[in-house]
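Engineer: Got a predicted structure here, sequence first:
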Amino acid sequence: MEAFKSFLKRKDIEISLKRYGIDALGAMAQGLFCSLLIGTIINTIGTQFHIATLTNPVATIAGTEYTVGGLASAMSGPAMAVAIGYALKCPPLVLFSLITVGFASNALGGAGGPLAVLFVAILSAEIGKAVSKETKVDILVTPLVTIGAGVFLSALIAPALGAAAMKLGALIMWATELQPFLMGILVSVTVGIALTLPISSAAICAALGLTGLAGGAAVAGCCAQMVGFAVMSFPENKWGGLISQGIGTSMLQMGNIVKNPRIWIGPTLASAITGPLATCVFRLQMNGAAVSSGMGTCGLVGQIGVYTGWVNDVAAGTKAGITAFDWIGLILISFVLPAILATAINMFLKKIGWVKDGDLKLS
């Protein structure tokens, strides 16, 4: 056993929740951002501003035409796998071999590809790391083992993982349509908390394919956390804190939350209010890329995703047009209400002594 532990340490194979559930999951979201999400944004910009360079096909592969954005989106599987490999500190040959693994697992995982990529890429990366530099023909052995294991695991478990992810996501979306008030609260609070924790809410939403009303509730929860923390901590952190949290991440507050968990009450209660407002009053839906549901106001990706969904729905004929009510709902849910509610709740908490000045100060 000691020899095995020594081997794992030498290979930097760390079997832990942090390595797989935080580092790998967070990296996967970045891979999605740099492929599927950016591709979607490029396509939306091209369509809305009639930019021929972005809307015309630039490549034809196996009879399928791809735009610039289409090429970026098509690389989501490899991008996720390589990002995961980078987080797991893979040697170069393993890292580059994960390109094929990501493509295979994403393709075989179907609509639930991201979850399949997460599991298959982690397993393949650790197997590749185990054999890396163990032979004198490493340049042959490592890619063969990594790709072989990855393709085998993709064929073995990716379809089942993808199907399970889609069924769970579909169940959440169905429940949100059936009980928009209760599920609006549950989804908004849960995804919002995940965004502030050192895990990836974006990757979770992508893995579950969370769109529709449930996606709208997820957007509301993320915005409540980001904008809520940004505005209510403005007296301590000024403009730098407003920007870094408001369009960056509320995860910056985790150190302060550990010191005083009560500072989390304001944004979390705000999400419990804006979630059902999004689902019941404004019928806010995320019909863009599912990963956008877990991004909130980070780079305004959540809002761009909602807008992209509107555009897609109009093009498909399922939505007559983008109305003033749509815009009012998006602005209120994303920015105005989180700022007002979180700040008001935090002021009350200060009044009763649960929160004090300096508790939200970023170091």
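Structural biologist: Noted; the coordinates are in hand. Numbers count the residues shown, from 1 in each chain.

Engineer: A strand includes Pro57, no?
Structural biologist: No. Secondary structure of Pro57 (DSSP: H, G, I helix; E, B strand; the rest coil): coil, not part of a strand.

Engineer: ok now do it, which residues does it touch?
Structural biologist: Glu65, Tyr66, Thr67, Gly70 (Cβ atoms under 8 Å, 6 or more residues apart in numbering). For every residue, glycine as well, the C-beta is placed using N, CA and C.

Engineer: let's go with 10 Å and repeat that
Structural biologist: Contacts of Pro57 were listed using Cβ atoms under 10 Å, 6 or more residues apart in numbering, and they are Thr64, Glu65, Tyr66, Thr67, Val68, Gly70, Leu71.

Engineer: Over to Phe229?
Structural biologist: 196, 237, 241-242, 245-246, 249-253, 256-257, 263-264, 266-267, 270, 338, 342, 346, 360, 362.

Engineer: go on, Met173?
Structural biologist: Taking Cβ under 10 Å, 6+ apart as the test, what Met173 contacts is Met183, Val187, Leu208, Gly209, Leu210, Thr211, Gly212, Leu213, Ala214, Gly215, Ala217.

Engineer: any idea which of the residues you listed is closest to Met28?
Structural biologist: Closest to Met28 out of those is Leu208 (13.1 Å), distances taken as Cβ to Cβ.

Engineer: Just give me the neighbour total for that closest one.
Structural biologist: 28 (other Cβ atoms under 10 Å).

Engineer: which residue sits closest to it, ignoring its sequence neighbours?
Structural biologist: Gly169 (3.6 Å; Cβ to Cβ, 6 or more residues apart in numbering).

Engineer: Equivalent analysis for Gly102, please.
Structural biologist: Closest to Gly102 by Cβ to Cβ, 6+ apart is Ala81, at 2.6 Å.

Engineer: One more: Ala74?
Structural biologist: Ala74 sits nearest to Tyr66 (Cβ to Cβ, 6+ apart), 6.4 Å away.

Engineer: ok, which stretches of the protein are strands?
Structural biologist: 59-61, 64-66 (DSSP state E).

Engineer: surely Ile247 meets Ala230?
Structural biologist: Yes. The criterion here is Cβ atoms under 10 Å, and Ile247 meets it with Ala230 at 8.3 Å.

Engineer: of the two, who's got more company?
Structural biologist: Shown here are Ile247 and Ala230; by other Cβ under 10 Å, Ala230 has more neighbours (27 against 16).

Engineer: what residues are up against Cys223?
Structural biologist: 188, 192, 195, 246, 250, 267, 270-271, 274, 278, 295-298, 302-303, 330, 333-335, 337-339.

Engineer: My error: substitute Thr323 in the last question.
Structural biologist: Thr323 touches Trp310, Gly329, counting by Cβ under 10 Å, 6+ apart.

Engineer: do the same with Leu17
Structural biologist: Applying Cβ under 10 Å, 6+ apart, the residues near Leu17 are Asp23, Ile199.

Engineer: So it versus Ala344, what's the distance?
Structural biologist: Leu17 sits 36 Å away from Ala344, going by Cβ to Cβ, to the nearest Å.

Engineer: if we can go back for a sec, nearest to Gly110, out of the contacts of Met173: which one, please.
Structural biologist: Once Cβ to Cβ is applied, the member of the contacts of Met173 that ends up nearest Gly110 is Gly209, at 9.9 Å.

Engineer: Hmm, that closest one is touching Ala164, no?
Structural biologist: No. Gly209 is not in contact with Ala164 according to Cβ under 10 Å; the separation is 11.3 Å.

Engineer: In terms of neighbours, single out the busier of the two.
Structural biologist: Gly209 (28 against 16).

Engineer: May I have the predicted confidence score for that one?
Structural biologist: Listed pLDDT for Gly209 reads 89.

Engineer: Skip the chain neighbours and tell me the closest residue to it.
Structural biologist: Nearest one to Gly209, counting by Cβ to Cβ, 6+ apart, is Gly169 at 4.2 Å.

Engineer: for Leu341, same thing?
Structural biologist: Nearest non-adjacent residue to Leu341 (Cβ to Cβ, 6+ apart): Ala270, at 3.9 Å.

Engineer: can you tell me how far that neighbour sits from Leu161?
Structural biologist: 34 Å.

Engineer: Pro235: neighbouring residues, count only.
Structural biologist: Neighbour number of Pro235 under other Cβ under 10 Å is 13.

Engineer: OK, contacts around the residue nearest to it when sequence neighbours are not counted?
Structural biologist: In space, and not counting its chain neighbours, Pro235 is closest to Asp357: 7.7 Å by Cβ to Cβ, 6+ apart. When contacts are counted by Cβ under 10 Å, 6+ apart, Asp357 is found next to Pro235, Glu236, Lys350.
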